[in-house]
Structure formats: structure tokens, C-alpha cells
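J.: Next one to model:
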Amino acid sequence: QVQLVESGGGLVQTGGSLRLSCTTSGLAISILTMGWFRQAPGKEREFVAGIGWRGDSTDYTDSVKGRFTISRDNAKKTVYLQMNSLKPEDTAVYYCALGGGFAQARDLKTRVNYWGKGTLVTVSS
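T.: Next up is the predicted model:
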């Protein structure tokens, strides 16, 4: 059974930082794209960041470029999202996602095979 478990969400003030983690089990992730989506209240789920299977390609939505950094540790089967300079508009439920094999980071935008259950990030003004 494939499981994706997110952690690290919480309440933070504007300008603060959080680090999200997503630990996977039930499949080999070293060849898969990994990443994060988010869904704010009343809005559709959107792509936030992705990382390719080799870890050498990354992609970000424009609104988080320069503030968020995605990374992966295949030995720990974990993907991370370091979020700095947080803004109230970053408030959302953040979902971990696994994509296809041998793919680039941007491919996660159109192909997600597994989802986590999400972790809530709230940024207060």
C-alpha cells in the first residue's frame, strides 16, 4: 500500500519560515518525480513545486520562486519544501505528490499518480 505522509505544517507569522516533509512508503521513489501542490479555501488545487527523479531539475510556480526550495532524499524516501518569507496568500493545505518515472520536474504539473492527505499551513498577517 502506497502512503504519503506530510508533516511540518502549522501557524506562522508573515515573514516566517516552515519546512514541510513528505515521507513515502510502499514503493520505490528514486525514479519518480515528487513535489507539492496546495489548495487555498475556495480555490482550486495548484502546483507549487516539483523535483525530477534525478534531483537535478526543479520547477516552481511563479509566486513562490525565490522563497521556496524543494529537495529530496531518496534514501529516506522523503521530499521537503523549505518555505521562507511566508505571506498570508501562502495559506493553504499543502499536498505531497508523486508523479511518473524518469520524468522532469515540470511533468508533475500534468501527471500525479499518488497524493498525500495534506498538511495545513496558515500564515497570519
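J.: remind me, longest strand of this protein?
T.: strand 92-101 (DSSP state E).
J.: Can you name every helix or strand that that strand contacts?
T.: strand 3-7, strand 18-25, strand 32-39, strand 46-51, strand 114-115, strand 119-124 (3 or more C-beta pairs under 8 Å, 6 or more residues apart in numbering; DSSP states H and E). From N, CA and C alone the C-beta is placed, and that goes for glycine too.
J.: Can you give the contact residues for the last one?
T.: Right, the one you point to is strand 119-124. Contact with strand 119-124 is made by 6-14, 16, 18, 20, 38, 83, 86-94, as judged by C-beta atoms under 8 Å, 6 or more residues apart in numbering.
J.: Narrow those to just the buried residues.
T.: Listed as buried from these are 6, 8-9, 12, 18, 20, 38, 83, 86, 90-94; burial here means 16 or more other C-beta atoms under 10 Å.
J.: what pairs with the longest strand of the chain, and is each one parallel or antiparallel?
T.: Sheet pairing for strand 92-101, assigned by DSSP bridges, gives strand 32-39 (antiparallel), strand 114-115 (antiparallel), strand 119-124 (antiparallel).
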